[in-house]
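Student: Dropping a prediction and its sequence here:
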Amino acid sequence: MRAIVVNRNGGPEVLEFTEREDPAPGPGEVLIDLAASGVNYIDVYFRTGSYPQPTPYVPGVEGAGTVAAVGEGVTGVAPGDRVAWQGVQGSYAQRAAVPADKVVPVPDDVSLEDAAASLLQGMTAHYLTHSTYAVQPGDTVLVHAAAGGMGLLLTQIAKLRGARVIGTVSTPEKERLAREAGADEVVGYDDFASEVRRLTGGEGVAVVYDGVGAATFDGSLDSLRPRGTLALYGAASGKVPPFDPQRLNAAGSVFLTRPNLAHHTLTRDELLERSSAVFTWVAKGEVRLHIGHRYDLADARRAHEDLEGRRTTGKLLLLP
């Protein structure tokens, strides 16, 4: 099969397009013919070594396709089933062997491309808005990178829960996309905390959803209302340096959390609950997906260059 392989940590140039032996499903695994692979910023963290991963490996932790074969002991999944998964490396390829307990069924009214475009980011947006900070009607929330794949989903889901959404963007085109997704107010990154204070009459927001990290962290703290929550779910601009917890007191007894999806899908029931909610939103059109670009598998390096260069909007897919 054709696949992308990472033999060493580094920049996008370490994503090598090559031929590799087809995987075989081991006990408890299913073999999936990939229809689409999601490209996520976590792939960058693994590629650079920010998140340790033994090499060589096939990157990509999100994909959707059709079950080709099942390993020993697998029940409840059969060849021909349409499934998706996240959280297991190997989707930058034509085939992948995945633990059966990690795959979720894809409903007939959701395409495999849409499944790959929505599962990881959709479930992340679900836990952020339902568990990390359960958005309430009337809340004002701040969504950073509101035109990115995560930002567009967070904006739409927060609106479904009755929130007023302020989004940050870097270009007029991204502002248009954020507003189309439902953002009530859109601001640039320069002195955004002051703008947030102005737009909230000095009060601040109930929650900041921040996947940017170092570049926005201080302003995110300054944007919160008393006892507000900063959900730091990513670090696209770099890691936040160590800081004095006393700052949380000074900011208004605010809460800081660094959540991840794995800790919010610890059980099979929780995984199925969150994935079902996401696919239901997509099928009903309550959440609209914006696939910013589709790349051939051989162009994975360009996909990473575009993502890190902030030249993208919405979700990026590889089509094996």
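Tutor: Perfect, I can see it now.

Student: I'd say L160 and R288 touch.
Tutor: No. L160 is beyond contact range of R288, at 11.7 Å (criterion: C-beta atoms under 8 Å). In short, each C-beta sits where N, CA and C put it, glycine included.

Student: Can you spell out the domain ranges of this protein, please?
Tutor: The record assigns the chain these domain ranges, following automatic domain parsing: 2-119+266-319, 137-257.

Student: Could you provide these in JSON lines, with additional columns for mean pLDDT, mean neighbour count and distance to T129?
Tutor: Shown next, in JSON lines, are the domains of the chain (pLDDT from 0 to 100; neighbours: other C-beta atoms under 10 Å; distance: least, C-beta to C-beta, whole Å):
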{"stretch": "domain 2-119+266-319", "mean pLDDT": "97", "mean neighbour count": "19", "distance to T129": "11"}
{"stretch": "domain 137-257", "mean pLDDT": "97", "mean neighbour count": "20", "distance to T129": "5"}
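
Student: now for those domains, which one comes closest to Y127?
Tutor: Of all the domains of the chain, it is domain 2-119+266-319 that lies closest to Y127, at 6.6 Å by C-beta to C-beta.

Student: So for the closest one, first residue to last residue, what's the gap.
Tutor: As for domain 2-119+266-319, its first-to-last residue distance stands at 11 Å under the measure C-alpha to C-alpha, to the nearest Å.

Student: ditto for stretch 206-226
Tutor: So stretch 206-226: terminal residues 8 Å apart, C-alpha to C-alpha.

Student: One more: stretch 24-44?
Tutor: From its first residue to its last, stretch 24-44 covers 27 Å (C-alpha to C-alpha).

Student: isn't P241 right next to D218, touching?
Tutor: No. Counting by C-beta under 8 Å, P241 does not reach D218; the two are 10.2 Å apart.

Student: V74: which element?
Tutor: For V74, there is no enclosing helix or strand under DSSP states H and E.

Student: how about the nearest residue to it, chain neighbours excluded?
Tutor: Using C-beta to C-beta, 6 or more residues apart in numbering and skipping residues adjacent in sequence, the residue nearest V74 is A100, 4.7 Å away.

Student: gap between the one you found and G80?
Tutor: From A100 across to G80, the span is 15 Å (C-beta to C-beta, to the nearest Å).
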